[in-house]
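Student: I would like the atomic coordinates for the input below:
(one chain, ligands or ions: 1)
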Amino acid sequence: MSALNTSARIAVIGAGAMGAGIAQVAAQAGHPVLLLDNRPGAAAQAIEGIDRQLGKRVENGKLSADSRSATIARLQAVEAIEVLADCDLIIEAIVENLEVKRALFRQLESICGEHCILASNTSSLSITRIAAQLDHPQRLLGLHFFNPAPVMALVEIVSGLASDPALAQCLYDTAKAWGKKPVHTRSTPGFIVNRVARPFYAESLRLLQEGAADCPTLDALMREAGGFAMGAFELTDLIGHDVNYAVTCSVFDAYYNDTRFLPSLIQKELVDGGRLGRKSGQGFYSYAQGAERPQAAEISSTASVEVCMAEGDLGIARGLLARLREQGVEVIQRDGSGLLRVGDAVLALSDGRMACQRAREDGLRNLILLDLTLDYSKAQRIAISYAAGIDPLALDQGIALLQRAGFKVSPLSDSPALAVLRTVAMLANEAADALLQGVASAADIDLAMRAGVNYPQGPLAWADAIGLSHILNVLENLQASYGEERYRPSLLLRRRIAEGRTFHD
Ligand code: NAI
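Tutor: Numbering: from 1, shown residues only. Purely as a prediction, here's the structure:
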């Protein structure tokens, strides 16, 4: 079954933020769209809102006046559900409540023809459960848009136990024809994005709780080292802590309190205190008028460095050497186990052990651990950590070397796997479990994280690039350091390593 023809009649129920956006997307794609809300007048108001939005785009030269009027002409506000009788696809975007949604779909079944596809935009409810009481549960699927729907490319096509695969494919093709990036996923808690993204927030929150660094430093690291569009604190301030915390709690509950999804007490306190982020004027940061964003912590050195020694292959961090050479630093290469020596300091990419532990176990004096960066040849910032007793002169030389390469250097307390590395390892681990459990394909998981939350790299492809053995090592060391289930490596990670494969093989 291919994409729905543009003559197919679409209805959207719920004219709130999501419903209005979805109606706009379908109308812009050329479908006649009916919009219904149980608040009298709400659907008409939503269409006026869409018209205003499109008007701004016309003013900015991004849309023609003809497209605007054609889109608006295709949108019709309706006040009675019976009017939806001859629709081909009905998308529900009403209140996130299982019983209310179930009642609505049962009512729709009694009104609509058998060919009509029913879809829910739910972000947290089970499609299997919503469909279970229907006479034709095979025609109900999830069609999960992201906010704002006209802007965000990702749509998760969610199949429950009874969903018809041909209808899933039809919705996939239809979403594609609407200019979206659809992915297939099974109806499991959080689907792809709201599950796999949890460690992005959780690891920064944990580092904050442990005093490893402050919010601006961790945020700057995620952006300027990790290549993410925003750090966890600025992003949750934007999303709203009530919303983000509720999603974490719902995923945590749905997975029977798996500690991988453990909510953060720091975030709970913000919610308790009404510090919901931008919308309340205060979250991790203040949004009061004139409030200044605190600066990320940096350490600098005035030492001069002209030569360093690379021992063995630095793996994913090898781009650092080219960068040093470009800056005129002589890099002497010799055999070894992936270390970079400068003066009395030795620098190494973190393997998940704390600097104090690795220094002792590997007999490395003045060890400085480097965090992951998305691209060592381009990143603007890097985190380092070191053991308490490091020689200050050696530390100074290590920092000077990184500065010569052009990095801003942010210190973290001596924490296992620093910040970006532990976040990416945990994102990849969650993605691996989702893949193992057949939630979605590797390609769709990576696409979902890039298109749904703008990650610079899909977590599985990122893990492939870092090396699966390194990711496993990092997770095992995190698990050993914390003694917690939370960091247990996915079976699929071990299996792919044993098979000599990557995630995308
Ligand atoms: P909203 O509160 O902005 O809008 C919901 C609309 O549905 C309201 O206008 C309300 O009057 C109407 N409504 C409630 N019960 C109804 C019923 N029985 N019949 C007809 N209309 C009814 O909510 P929002 O944010 O648009 O969310 C809607 C759905 O989309 C929820 O299931 C939510 O979980 C999901 N979602 C929300 C996202 C978001 O970021 N806000 C992202 C992705 C999914």
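Student: residues in contact with Phe145?
Tutor: By CB atoms under 8 Å, 6 or more residues apart in numbering, Phe145 lies in contact with Met18, Gly21, Ile22, Val25, Asn121, Met152, Leu154, Val155, Lys180. All C-beta atoms are positioned from the backbone trio N, CA, C, and that covers glycine.
Student: Buried subset of those, written for ChimeraX?
Tutor: Of the contacts of Phe145, the buried ones can be selected in ChimeraX as follows, counting by 16 or more other CB atoms under 10 Å:
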select :18,21,22,25,121,152,154,155,180
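Student: Among the contacts of Phe145, name the ones in strands.
Tutor: Leu154, Val155 (DSSP state E).
Student: out of the contacts of Phe145, who's near the ligand?
Tutor: Contacts with the ligand are made by Met18, Asn121 out of the contacts of Phe145, judged by CB under 6 Å from any ligand atom.
Student: Which helix or which strand is home to the residue of the stretch 301-450 of the chain found nearest the ligand?
Tutor: Nearest to the ligand, among the residues of the stretch 301-450 of the chain, is Ala448, at 13.3 Å (CB to the nearest ligand atom). Taking DSSP states H and E as the criterion, Ala448 maps to helix 442-453.
Student: swap in Ile384?
Tutor: strand 381-386.
Student: Please name the strands paired to that strand in the sheet, noting orientation.
Tutor: Partners of strand 381-386 in the sheet, by DSSP bridges, are strand 367-370 (antiparallel), strand 408-411 (parallel).
Student: Let me know the pLDDT of Val474.
Tutor: Here the pLDDT value assigned to Val474 is 98.
Student: one step back: per-residue confidence for the residue of the stretch 301-450 of the chain closest to the ligand?
Tutor: Ala448 is given a pLDDT of 98.
Student: same thing with Met1?
Tutor: For Met1, the model assigns a pLDDT of 66.
Student: what comes up buried for stretch 216-235?
Tutor: Buried residues in stretch 216-235 (16+ other CB under 10 Å): 216-228, 230-235.
Student: Same question for stretch 239-254.
Tutor: Buried, per 16+ other CB under 10 Å, within stretch 239-254: 239-245, 247-252, 254.
Student: end to end, how far does stretch 386-397 reach?
Tutor: By CA to CA, to the nearest Å, the extent of stretch 386-397 from end to end equals 13 Å.
Student: Can you list the neighbours in contact with it?
Tutor: 301, 303, 305, 342-345, 354-356, 359, 365-369, 398, 411, 414.
Student: and if you look at stretch 104-120?
Tutor: With CB under 8 Å, 6+ apart, stretch 104-120 has contacts from 13, 81-82, 84-92, 94, 101, 127, 130-131, 133-136, 139-143, 167, 170-171.
Student: Show me which parts of it are buried, residue by residue.
Tutor: Buried residues in stretch 104-120, counted by 16+ other CB under 10 Å: Leu104, Phe105, Leu108, Glu109, Ile111, Cys112, Cys116, Ile117, Leu118, Ala119, Ser120.
Student: so which of those are also by the ligand?
Tutor: With CB under 6 Å from any ligand atom as the criterion, the buried residues of stretch 104-120 include Leu104 near the ligand.
Student: Filter the buried residues of stretch 104-120 down to the ones in helices?
Tutor: Leu104, Phe105, Leu108, Glu109, Ile111 (DSSP state H).
Student: okay, these in a markdown table with distance to Ile384 next?
Tutor: Compiled in a markdown table, these are given as follows (distance: CB to CB, whole Å):
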| residue | distance to Ile384 |
| --- | --- |
| Leu104 | 54 |
| Phe105 | 54 |
| Leu108 | 58 |
| Glu109 | 60 |
| Ile111 | 63 |
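Student: quick check, nearest of those to the ligand?
Tutor: If you rank these by distance to the ligand using CB to the nearest ligand atom, Leu104 comes first, at 5.3 Å.
Student: Starting from Ala246, give me the distance back to the closest residue to Ala80 other than its chain neighbours.
Tutor: In this structure, Ala80 finds its nearest non-sequential neighbour in Leu36, 7.9 Å apart by CB to CB, 6 or more residues apart in numbering. Remark: distance between Leu36 and Ala246 (CB to CB, to the nearest Å) = 26 Å.
Student: do Ala119 as well
Tutor: For Ala119, the distance to Ala246 - CB to CB - is 23 Å.
Student: Likewise for Ala451?
Tutor: 23 Å.
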